[in-house]
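Undergrad: Quick one, structure for this:
(chains A and B, ligands or ions: 1)
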Amino acid sequence: METILLLINTEADGSLAKPAFEALGAAKALRAGLPEAKLAVGLVGQTVQSGADQIGACGADAFLGVAGADFASPRYASDAAAAEALVKAAQATLIIAPATARWNRVLPGVAQRLGGRADTHVTGLSAASGAITINRWYYRQRMEASLQRTHRPWFILLDPGSQSAWQGAAATASVRILPVTLSEACQRTTVVGVRELAADAQTIRPDADLLLVAGAGWTKKQADGQTHVKEAEELILGCLKLARASLGSSKSLVDLGGEGQAVLSFLTHLNQIGQTGSTPRHPKGLATCCHGEEPHTVGWRFINERRAISLDPNCGWARGKADVLYVADAFAVLARLNQLLAAAS
Amino acid sequence: MSNEYQIVVCGSIVPDPLQTLEPVSGPDGPSLRNEMMLPAVLDPWASHALYEAAHLAKNTPGSKVWLVSLGPKAKLQQVMMTVAQKVPFELIALDGPASGFAEAAEVATVLAEAIAAIPGLDRSKLLLFGGWESASRGAGVTMQMVAERLGILDQFQGVDELKVLPGGALEILERVEGGKQQVSRCAGPPALLGWATGNLPEPRNNPQVGMANMRTVMPALQKAKPVKLAAAGVSFASVALPKQLRETRIVKDKSPDEIAREIFEWIKR
Ligand SMILES: Cc1cc2nc3c(=O)[nH]c(=O)nc-3n(C[C@H](O)[C@H](O)[C@H](O)COP(=O)(O)OP(=O)(O)OC[C@H]3O[C@@H](n4cnc5c(N)ncnc54)[C@H](O)[C@@H]3O)c2cc1C
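TA: Numbering: from 1, shown residues only, chains lettered A, B, ... in the order given. You can find the predicted model right below:
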């Protein structure tokens, strides 16, 4: 018989973030497919009660918590100690957690500590006649596998955005707080804070409906034999602001910066999508001045509707990756698009 | 106090990202069609880790860099011909699969044993580096398991920057959600850093570095220990390329104004 433990953390204000609700949705669906399985919820954070209350009506058999200032910030040693205590207390065989930076950092190590196995970036989870199957991508989103394991405990980290979130009423949860004391060896690291750009300078917006992707073409010589980087910056920033879009970039474009060429000043490696970048999830994506070879296009794996603007009619996007390819000058199209967006806002 | 580091970088090889990949299944589980024929490169994020390690070692006299690599010996040799030209390191080669389908926990066991066996390894000086995810398994699981096996409790993933502060503490920048970075301070080694892209460009080939490296690379390859992984307890039900090929509508003869309108309608929908 399986015992499922949902491992989630509370945010600084004590509440749960969206990936926690999604992981709960998946954990509940998993239990429904495993008759007799038990479901426990384990929470970690500065305080855990209000987070637990948000999902108090989810039907879990138990709520466990590890709380206190030591567990407020994501830090390997303390999060590992907390997760270890929760898994042991729940006697869990299956551990479900969101594949966020916090849990990705720590749960593979905890699996090692407890003699288990870990799978991250899981995009599908199902149970049929007692057998649990997960889906995840290999070779950086280039092929999808489904697999099963006999090893327990099995840590399954679900990619945010891949599961439907649990919805239900709040109710008071009775949380059993586990005492976890950190040894000195667990306190050699201090989390100092989070570095983030000012809200208006932040070009990465995971919740945006549109991903705008900029390629190296923006910095290349145009029909008049000149580059127009300043103009490109204004057009891209204008579009991001007016369409409330998130900005992605091709590898070539961000790499130009390291090579000392003129690049768009607001781009960093964090914007890069693709095989050695990220694979964000957005309902729509618009590629501009990208060529779209395979390592680039894997960055689009989880974008539902895709359109592209390129001067090159034989662009890699023409090979069945985008829904629409506009063969046109992106400078001209974006200038007009920004006018239309501005007029509508 | 001397603050030199012993930096051990774990990194294997992956098919050149520009290659077409196709999964096939066999009696030992899934693999890639013609895997041994595909040109390979050092795993991109692990190579960033290697460059960062070399950079740190250069700025910290007395430090040394090892590269621990598990992969098919013949392919490792090919890739090392280029990698050895980049930065100074000593290779520890293990002859076994570099497949994305190889079990992370088993790979971690092999890597941890090889690291623990490095003569003269001083764990109080150990910085364990690797990529935060491989371009093959794409999991970000192996390095944490290696570090746990080596008793390292200070672990960082998605690292973009490491600064050594006066006094020897380490300041580390890790990628977190939403384009943000978490800043942490760690008292010092031992620590694990799983690197993302970092800030260093790929070093140019340097034949002198290549020659010096080759003195240890060739013997390391010759004595590479054969490794068999069992893939215990895991079974792949299927591995497949994404099926949906999109019907791309190619719009060639519309004015920028018409296109902008079409995109505008689409965004607003
Ligand atoms: C190890 C490795 C890892 C890689 N990882 C990644 C990755 O993570 N992400 C990634 O993106 N790539 C990755 N690549 C690179 C990838 O294969 C491509 O080389 C790269 O994405 C191409 O970048 P680009 O489209 O910006 O530039 P280019 O290939 O230079 O294309 C520019 C395009 O802009 C068009 N253009 C120019 N001016 C205009 C205009 N006015 N209007 C419209 N179109 C215009 C041109 O027609 C051209 O098609 C990787 C490659 C390797 C070898």
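Undergrad: For B:Leu162, see how far away the residue nearest to the spatial centre of chain B is.
TA: Residue closest to the average C-alpha location in chain B (C-alpha atoms, centre = their mean): B:Ala46, at 2.4 Å. B:Ala46 sits 16 Å away from B:Leu162, going by C-beta to C-beta, to the nearest Å. C-beta coordinates here come from the backbone N, C-alpha and C atoms, glycine included.
Undergrad: quick one, phi/psi of B:Ile115?
TA: phi -70, psi -40 (degrees, to the nearest 10).
Undergrad: what's near enough to touch the closest residue to it other than its chain neighbours?
TA: Nearest residue to B:Ile115, sequence neighbours excluded (C-beta to C-beta, 6 or more residues apart in numbering or on different chains): B:Val8, at 5.4 Å. Neighbouring residues of B:Val8 by C-beta atoms under 8 Å, 6 or more residues apart in numbering or on different chains: B:65-66, B:68, B:115, B:118, B:121, B:126-129.
Undergrad: Go again with 7 Å.
TA: Contact analysis of B:Val8 by C-beta atoms under 7 Å, 6 or more residues apart in numbering or on different chains lists B:66, B:68, B:115, B:126, B:128-129.
Undergrad: tell me which of the residues you listed is nearest to the ligand?
TA: Set against the ligand, the nearest of these by C-beta to the nearest ligand atom is B:Phe129 (18.6 Å).
Undergrad: Bridge partners for A:Trp154, pull those for me.
TA: A:Leu94, A:Arg117 (DSSP bridges).
Undergrad: ok, now how distant is it from the ligand?
TA: The gap separating A:Trp154 from the ligand is 30 Å, by C-beta to the nearest ligand atom, to the nearest Å.
Undergrad: got the phi/psi numbers for whichever residue of the stretch 51-200 of chain B sits closest to the ligand?
TA: At 7.6 Å from the ligand, B:Ala135 is the closest residue in the stretch 51-200 of chain B, using C-beta to the nearest ligand atom. Dihedral pair for B:Ala135: phi -90, psi 0, per degrees, to the nearest 10.
Undergrad: circling back to that earlier point, of all the contacts of B:Val8, which two lie farthest apart?
TA: Maximum pairwise distance in these, criterion C-beta to C-beta, is 12.3 Å, between B:Val68 and B:Leu126.
Undergrad: For those two, indicate the residue with more neighbours.
TA: A side-by-side neighbour count of B:Val68 and B:Leu126, using other C-beta atoms under 10 Å in any protein chain shown, places B:Val68 first with 26 against 21.
Undergrad: Reduced to three states, what does the nearest residue to that one once chain neighbours are set aside come out as?
TA: In this structure, B:Val68 finds its nearest non-sequential neighbour in B:Ile92, 4.6 Å apart by C-beta to C-beta, 6+ apart. Applying DSSP: H, G, I helix; E, B strand; the rest coil to B:Ile92 yields a three-state assignment of strand.
Undergrad: Touching, B:Ile92 and B:Leu221? I think so.
TA: No. Judged on C-beta atoms under 7 Å, B:Ile92 makes no contact with B:Leu221 at a distance of 10.2 Å.
Undergrad: tell me which residues in stretch A:219-230 are buried?
TA: Neighbour-count burial for stretch A:219-230 flags A:219, A:222, A:228-229 (criterion: 16 or more other C-beta atoms under 10 Å in any protein chain shown).
Undergrad: Same question for stretch A:278-293.
TA: So for stretch A:278-293, counting by 16+ other C-beta under 10 Å, buried means A:278-282, A:284-293.
Undergrad: do it and the ligand meet?
TA: Yes. Legend: contact between stretch A:278-293 and the ligand by C-beta under 6 Å from any ligand atom is shown at A:289-291, A:293.
Undergrad: for the stretch 1-150 of chain B, what spans make up the strands?
TA: Here the stretch 1-150 of chain B has its strands, by DSSP state E, counting those that start in this stretch, at B:6-10, B:13-15, B:23-26, B:29-32, B:40-42, B:64-71, B:90-95, B:126-131.
Undergrad: Next: the stretch 1-150 of chain A.
TA: A:3-9, A:38-45, A:62-67, A:94-98, A:117-128, A:131-138, A:143-149.
Undergrad: Buried residues in stretch A:241-249, which are they?
TA: Result for stretch A:241-249 [16+ other C-beta under 10 Å]: buried residues A:242-243, A:245-249.
Undergrad: Mind checking if that stretch is in reach of chain B?
TA: Yes. Interface with chain B: stretch A:241-249 contributes A:Ala243 (C-beta under 7 Å from any C-beta of the partner chain).
Undergrad: now stretch B:182-195, how far from the centre of its chain.
TA: 17 Å (C-alpha atoms, centre = their mean, to the nearest Å).
Undergrad: First-to-last residue distance for that stretch?
TA: Stretch B:182-195 has its terminal residues 14 Å apart, counting by C-alpha to C-alpha, to the nearest Å.
Undergrad: Just the buried residues of it, please?
TA: So, applying 16+ other C-beta under 10 Å, buried residues of stretch B:182-195: B:182-186, B:188-195.
Undergrad: Any figure for the gap between the residue nearest to the centre of chain B and the ligand?
TA: 12 Å.
Undergrad: what's the closest non-adjacent residue to that residue?
TA: Leaving aside its sequence neighbours, B:Ala46 sits nearest to B:Gly11 (C-beta to C-beta, 6+ apart; 2.8 Å).
Undergrad: Could you report the distance from A:Gly45 to the ligand?
TA: A:Gly45 is 34 Å from the ligand, by C-beta to the nearest ligand atom.
Undergrad: Spit out the contact partners of the residue in chain B that the ligand sits nearest to.
TA: Closest approach of chain B to the ligand (C-beta to the nearest ligand atom) occurs at B:Pro17, with a separation of 4.0 Å. Listed by C-beta under 7 Å, 6+ apart, the contact partners of B:Pro17 are A:275, A:295, B:135.
Undergrad: looking at it, the first one is touching A:Val298, isn't it?
TA: Yes. Here A:Gln275 reaches A:Val298: they are 5.1 Å apart, a contact under C-beta under 7 Å.
Undergrad: sorry, back to before: pLDDT wise, what is the residue nearest to B:Val68 at?
TA: Predicted confidence (pLDDT) for B:Ile92: 98.
Undergrad: Next: A:Gly238.
TA: pLDDT for A:Gly238: 96.
Undergrad: who touches it in this structure?
TA: Here A:Gly238 is in contact with A:Asn338 (C-beta under 7 Å, 6+ apart).
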